[in-house]
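> structure of the sequence below:
(one chain, ligands or ions: 2)
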Amino acid sequence: MSATVSDSFDVIVIGAGPGGYVCAIRAAQLGMKVACVEKRGTLGGTCLNVGCIPSKALLHSSGHFEEANHKLAAHGVIVSGVSLDLAKMHARKGEVVSANVKGVEFLFKKNKVTWLKGTGSIAGPGKVAVDGKDYAAKHIIIATGSESVPLPGVEVDEKRIVTSTGALELDKVPGHLVVIGGGVIGLELGSVWKRLGAEVTVVEFLDRLTPGMDNEISKQFERVLSKQGLKFKLKTKVTGATLTKDGVELKLASAAGGAEETLTADVVLLAIGRRPFMGGLGLEAAGVKLDERGRVHVDQHFVTNVPGIYAIGDCIAGPMLAHKAEDEGMALAEMIAGQKPHLNYNAIPSVVYTSPEVASVGETEEQLKARGVAYKVGKFPFTANGRARAMNETDGFVKILADAKTDLVLGAHILGADAGTLIAEIALAIEFGASSEDVARTCHAHPTLNEAVKEAALAVEGRAIHI
Ligand code: FAD
Ligand code: NAI
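Residues are numbered from 1 along each chain as shown. Ligands and ions are numbered 1, 2, ... in the order given. Now for the predicted structure:
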């Protein structure tokens, strides 16, 4: 079928997750005629539908349950007869998701972005097919995201053996939840169900949780989570899972091989990472190359090896984070419009939304050592921060790493209440090329948790006041 004018666009984005929808909106703002193809019944991708937003809704709700049960008494607030209405908790989560995905639909209408409903594929140069109908585009953007990595021998049914998607929908609190993978999803969703009453065991292949995180923070994080009752089996692999009448029987072995043991679970959450998803796009026929890890290969301008075809977000290299996908989407739209945006991959924060939160930006101590960079460290514990004491949230500390010669801030790692918000000022510091002294001399309001960031910056030169 030949394309008519109404079927022709400047830009067609395939996938309406945070990468795709932001790219579509920004391109439309810049005056381009834009369509976005999305096969899901709602916009917003993994993040808004089955990722960031529903998981944070459940973390928040389960956090209230935990507070009522275990934390409020310390404040002199005595609550008795606390009970869980899980159906109501899920319903609230559903309302939050619905408001967010409808918000994106509203933004599409406002910016005149056409939503092409269905599955998109690349049908040839400058051509996208959506469920059998062809559309023409000067620029085609692949933003198809990622999917959960499977584990041979552990068959997901999204009821008893679930990915994060099923773990967001469990209709009763499991007696024993076994999480395979001590990464971000395992610890966030493990925390949700632990707070709601499940026994939670996390089986992790490596000798530590959250690989890639600053080691010192990761160790302290493990201690704090253990204190909350989460159990960890490190250096352990799952070799198989069998459904039984009452649950699941898992076979475990030491990561190095050797002794096997059996673990029974009511529900198993498989969370060993995510991988790019490009199913049905027809990339091979279109001649689009993948990199050595199966991601769409792009240059620093998000251009694939085929002119006119670009890719962003989880399906290309880099951290699989919503804000990284969004910033790439925005930058790409601006590049196509002839602007020269800049994206600093070293200043992308990452946050684990457990309690306490863990947040990082820039390099870890291990990365600096590996690069042979001389660095200084400033640390400050939340036990010495007045606001943290007032909140009764004194777990954790702030750690700032600065260049030994120039004092430039190279990284920051925070374990503590609201760490995800606190890290923003260090992301800005890195983006602006600030020194630890710049952060230390910036006036921080009292009493705030942010003062712990200032004190850690002061500690870089050994002049913290409150320790
Ligand atoms: P996606 O959001 O995956 O969107 C891709 C879209 O493309 C999907 O809607 C899909 O249906 C559509 N699609 C795919 N193929 C086609 C096709 N051929 N035709 C039409 N449509 C197609 N990140 C954070 O930064 N913070 C968090 O707190 C966070 N929490 C998370 C919690 C969970 C449980 C999970 C699973 C992920 C979480 N993430 C979080 C990661 C975040 O969701 C992803 O990094 C982000 O969604 C990636 O955006 P994207 O646009 O690249 O892809
Ligand atoms: P992950 O990469 O964070 O962690 C996976 C863990 O599983 C690692 O610790 C790894 O060593 C372990 N592992 C791998 N194979 C294993 C095996 N066979 N047996 C036992 N352990 C094994 O992946 P996860 O948690 O699935 O999350 C995927 C991605 O989603 C994250 O990397 C992140 O990009 C994104 N995400 C981000 C969130 C946030 O920003 N707060 C929240 C949730 C997800």
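
> tally of neighbours for the residue nearest to Gly416 when sequence neighbours are not counted?
Using Cβ to Cβ, 6 or more residues apart in numbering and skipping the chain neighbours, the partner closest in space to Gly416 is Gly396 (3.4 Å). For the C-beta atoms, the positions are set from N, CA and C on the backbone; glycine is no exception. For Gly396, the count of nearby residues is 24 (other Cβ atoms under 10 Å).

> with Ala286 instead?
Counted with other Cβ under 10 Å, the neighbours of Ala286 add up to 18.

> contacts only, for Ala427.
Going by Cβ atoms under 8 Å, 6 or more residues apart in numbering, Ala427 touches Ala347, Ile348, Pro349, Val361.

> isn't the last one right next to Glu425, touching?
No. Val361 sits out of contact with Glu425 when judged by Cβ atoms under 8 Å, with a separation of 9.8 Å.

> report the secondary structure state of Leu410.
Classification of Leu410 using DSSP: H, G, I helix; E, B strand; the rest coil returns strand.

> mind listing what Thr210 touches?
Residues in contact with Thr210 (Cβ under 8 Å, 6+ apart) are Gly182, Gly183, Val184, Leu187, Ser218, Phe221, Val352, Val358.

> for the residue of the stretch 151-300 of the chain found nearest ligand 2, what are its contacts?
As assessed by Cβ to the nearest ligand atom, ligand 2 sits closest to Gly183 within the stretch 151-300 of the chain, at 1.8 Å. By Cβ under 8 Å, 6+ apart, the contact set of Gly183 is Leu209, Thr210, Pro211, Ala271, Ile272, Gly273.

> ok, and the most crowded of those?
Ranked by neighbour count (other Cβ under 10 Å), these have Ala271 at the top, with 26 neighbours.

> thought it was touching Val178?
No. The pair Ala271 / Val178 is not scored as a contact, 10.8 Å apart, by Cβ under 8 Å.

> rewinding a little: of the contacts of Gly183, just say which sits nearest to Leu368.
Pro211 (17.0 Å; Cβ to Cβ).

> for that closest one, give me its contacts.
Contacts of Pro211 (Cβ under 8 Å, 6+ apart): Gly183.

> so which bits of this structure are right by ligand 2?
151, 180-186, 188, 203-206, 211, 237-238, 271-274, 319-321, 350-353 (Cβ under 6 Å from any ligand atom).

> go back to those and keep what's next to ligand 1.
Answer for the residues of the chain next to ligand 2 near ligand 1 (Cβ under 6 Å from any ligand atom): Ile185, Met320, Leu321, Tyr353.

> need the contact partners of the helix ranked longest in the chain.
What stands out as the longest helix in the chain, according to DSSP state H, is helix 86-110. The contact list for helix 86-110 (Cβ under 8 Å, 6+ apart) reads 16, 21, 24-25, 36, 42-44, 48-49, 53-54, 57-58, 61-62, 113-115, 168-169, 171-173, 196.

> list the ones among those residues that fall in strands.
Using DSSP state E, the members of the contacts of helix 86-110 that fall within strands are Cys36, Thr114, Trp115.

> quick one: which of these is nearest to ligand 1?
Nearest to ligand 1 among the ones in strands among the contacts of helix 86-110 is Cys36, at 8.7 Å by Cβ to the nearest ligand atom.

> what's across from the closest one in the sheet?
Beta bridges link Cys36 to Val13, Trp115 when assigned by DSSP bridges.

> so it sits against Ile12, correct?
Yes. Counting by Cβ under 8 Å, Cys36 touches Ile12, with 7.4 Å between them.

> and for those two, which residues touch both?
Counting by Cβ under 8 Å, 6+ apart, the contacts common to Cys36 and Ile12 are Leu116.

> in the stretch 51-200 of the chain, what residue is nearest ligand 1?
Minimum separation of the stretch 51-200 of the chain from ligand 1 (Cβ to the nearest ligand atom) falls at Gly145, amounting to 2.0 Å.

> list the residues that contact that residue.
By Cβ under 8 Å, 6+ apart, the contact list for Gly145 reads Gly15, Gly17, Gly19, Gly45, Thr46, Pro276, Phe277, Gly313, Asp314, Cys315, Ala325.

> what separates the last one from ligand 2, distance-wise?
This points to Ala325. Applying Cβ to the nearest ligand atom, to the nearest Å, the value for Ala325 to ligand 2 is 10 Å.

> so Asp207 touches Lys233, yeah?
No. The pair Asp207 / Lys233 is not scored as a contact, 11.2 Å apart, by Cβ under 8 Å.

> those two: who's more crowded?
Legend: neighbour count by other Cβ under 10 Å for Asp207 and Lys233, higher for Lys233 (17 against 10).

> circling back: can you tell me which of the contacts of Thr210 are in helices?
Secondary structure from DSSP H places Val184, Leu187, Ser218, Phe221 of the contacts of Thr210 in helices.

> buried only: go through those residues for me.
Buried residues within the ones in helices among the contacts of Thr210, defined by neighbour count using 16 or more other Cβ atoms under 10 Å: Val184, Leu187, Ser218, Phe221.

> CSV for the residues you listed, including pLDDT?
Formatted as CSV, these follow (pLDDT from 0 to 100):
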residue, pLDDT
Val184, 98
Leu187, 98
Ser218, 98
Phe221, 98
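
> turn these into CSV, including distance to Val101.
Below are these laid out as CSV (distance: Cβ to Cβ, whole Å):
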residue, distance to Val101
Val184, 22
Leu187, 26
Ser218, 34
Phe221, 32
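
> Asn450 touches Val439, doesn't it?
No. Judged on Cβ under 8 Å, Asn450 makes no contact with Val439 at a distance of 10.1 Å.

> which of Val361 and Glu425 has more neighbours?
Remark: of Val361 and Glu425, Val361 carries more neighbours, 25 against 18, as counted by other Cβ under 10 Å.

> give me the number of residues near the residue nearest to that one when sequence neighbours are not counted?
Computed as Cβ to Cβ, 6+ apart, the closest residue to Val361 that is not its neighbour in sequence is Pro349, at 4.3 Å. For Pro349, the count of nearby residues is 22 (other Cβ under 10 Å).

> so Pro349 sits against Ala424, correct?
Yes. Pro349 lies in contact with Ala424 (Cβ under 8 Å); the separation is 7.0 Å.

> show me the contacts for Arg387.
If you count contacts by Cβ under 8 Å, 6+ apart, Arg387 has them with Pro447, Thr448, Leu449, Glu451.

> redo those residues as a markdown table? Include neighbour count.
Shown next, in a markdown table, are those (neighbours: other Cβ atoms under 10 Å):
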| residue | neighbour count |
| --- | --- |
| Pro447 | 14 |
| Thr448 | 16 |
| Leu449 | 22 |
| Glu451 | 21 |
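
> tell me the one of the residues you listed nearest ligand 1?
Leu449 (19.8 Å).

> ramachandran angles for the closest one?
The phi and psi values for Leu449, taken as degrees, to the nearest 10, are phi -70, psi -30.

> could you measure from it over to Leu415?
Computed as Cβ to Cβ, to the nearest Å, the Leu449 to Leu415 distance reads 12 Å.

> likewise Gln228?
Gln228 is 13 Å from Leu415, where distance means Cβ to Cβ.
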